[in-house]
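Novice: Let me see the structure of the following:
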Amino acid sequence: MRIRATVAAVTGALALSALAVPAVQADEKPDAGLSVPSGAEVFGAGSGAPAAGARAARATEVPVIKKVVVNGGKDIVVGTKSKQKVTVAITASSPSGIADAFAFLWHGHIDEVDGFLAPTQEFGNCKVSANPTTSTCTVSITIDPRSDDLWTSSLAGTWKVAAGALAATGSEEDFIWNDTQAKTRVQRFSKLTVNASPEPVKKGKTITVTGKLTRANWDTNTYKGYTNQPVKLQFKKKGAKSYTTVKTVKTSSTGTLKTTVKASADGTWRYSFAGTSTTPAVSAKGDFLDVK
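Specialist: Model prediction:
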């Protein structure tokens, strides 16, 4: 099988192309000019997949992919420093059983890939189910935000999942492959702060609640303000079990938040952000305010 060589070639080419691409605006997706490896390349089936007639003539066994689950079905959230290990589980079946399965994540267009996240392992870790024709194989992907894995913030959002499986017939041509088998989201880690003042405060007086919403910037490996986003100001009265929303405030051009309310009772104030397709939801750690 030529999985590792093929994936390494694409990943390396992407890294080099990223260095050659001029600076772009945050909402632009740079064109790396790469293509997604084919199933024949991944599973080492000669120079390409056999023609449909040839495969039928030799009674080629084509597996069926039942499902692909990325990161346990959760969004992949990446910050600026910590590596994230993501597992992709491929469940497939074939009359002879499953010998191997593989998957990787990619971003862009099928012939113009600008993001590529692949396993370092050459073979999937396969476990046979109660039915011997079906197996679930896993591959692990480690994402390092300090490398070229996520070289620009414009890669946040939806990624495609290419996946395939190889039948346990002994032939490398008995495979199934789909460049767009599934989808997943890769998001920029978010942070949210809050501060309610003055403290203590007299009942009926004005409280000023400030905060800031930031998210990982993969271009600079720092956290930058998330602008013009609706954030809920919430209050939990002392002794209560849950928060109630008081109002919605929009972040400034630098991600800051500021609003005023009247002090009514002891309790905890916080800001809460619902999230977007590129940024996960986050709530600030509450700030307790003593009302005299």
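
Novice: Quick check, central residue of the chain?
Specialist: With distances taken as C-alpha atoms, centre = their mean, Val186 lies nearest the centre of the chain, 2.0 Å away.

Novice: List the contacts of Thr248.
Specialist: Contacts for Thr248 were tallied using C-beta atoms under 8 Å, 6 or more residues apart in numbering; they are Pro230, Val231, Lys232, Leu233. (Each C-beta comes from the backbone N, C-alpha and C, glycine too.)

Novice: element containing the residue nearest to the centre of the chain, please.
Specialist: Element membership for Val186, per DSSP states H and E: strand 175-188.

Novice: in the next helix or strand after that strand, what counts as buried?
Specialist: Sequence-wise, the next helix or strand downstream of strand 175-188 (DSSP H and E) is strand 190-197. Neighbour-count burial for strand 190-197 flags Ser190, Lys191, Leu192, Thr193, Val194, Asn195, Ala196 (criterion: 16 or more other C-beta atoms under 10 Å).

Novice: any idea how far the second one lies from Lys85?
Specialist: Right, the one you point to is Lys191. Remark: distance between Lys191 and Lys85 (C-beta to C-beta, to the nearest Å) = 21 Å.

Novice: Kindly confirm my reading that Ala130 is in a helix.
Specialist: No. Going by DSSP: H, G, I helix; E, B strand; the rest coil, the assignment for Ala130 is coil, not a helix.

Novice: quick one, phi psi at it?
Specialist: Per-residue torsions, Ala130: phi -60, psi -30 (degrees, to the nearest 10).

Novice: Tell me the spacing between it and Thr136.
Specialist: In terms of C-beta to C-beta, Ala130 sits 11 Å off from Thr136.

Novice: who has more neighbours, the two?
Specialist: Shown here are Ala130 and Thr136; by other C-beta atoms under 10 Å, Thr136 has more neighbours (19 against 5).

Novice: The more buried one is in contact with Lys127, isn't it?
Specialist: Yes. Thr136 lies in contact with Lys127 (C-beta atoms under 8 Å); the separation is 5.7 Å.

Novice: ok, back up a step: state the number of residues packed around the closest residue to the residue nearest to the centre of the chain other than its chain neighbours.
Specialist: Nearest residue to Val186, sequence neighbours excluded (C-beta to C-beta, 6 or more residues apart in numbering): Ile76, at 4.7 Å. By other C-beta under 10 Å, 19 other residues sit near Ile76.

Novice: and Ile76, what is it in contact with?
Specialist: So Ile76 contacts Val70, Gln84, Val86, Ile143, Thr184, Arg185, Val186, Gln187 (C-beta under 8 Å, 6+ apart).

Novice: what about the third one, distance to Asp100?
Specialist: Relative to Asp100, Val86 is positioned 19 Å away (criterion: C-beta to C-beta).

Novice: who has more neighbours, the two?
Specialist: Using other C-beta under 10 Å, the more surrounded residue of Val86 and Asp100 is Asp100, with 25 against 20.

Novice: what is that one paired to in the beta sheet?
Specialist: Beta-bridge pairing of Asp100, defined through DSSP bridges, involves Leu166.

Novice: unless I'm mixing things up, it is touching Val139, no?
Specialist: No. Asp100 is beyond contact range of Val139, at 9.9 Å (criterion: C-beta under 8 Å).

Novice: shared neighbours, these two?
Specialist: Taking C-beta under 8 Å, 6+ apart as the criterion, Asp100 and Val139 both touch Gly124.

Novice: Just the helices from the stretch 51-200 of the chain, written as ranges.
Specialist: Along the stretch 51-200 of the chain, the stretches classed as helices by DSSP state H, counting those that start in this stretch are 52-57.

Novice: Okay, now the unreliable bits of it?
Specialist: For the stretch 51-200 of the chain, the stretches with pLDDT under 70 are 51-58.
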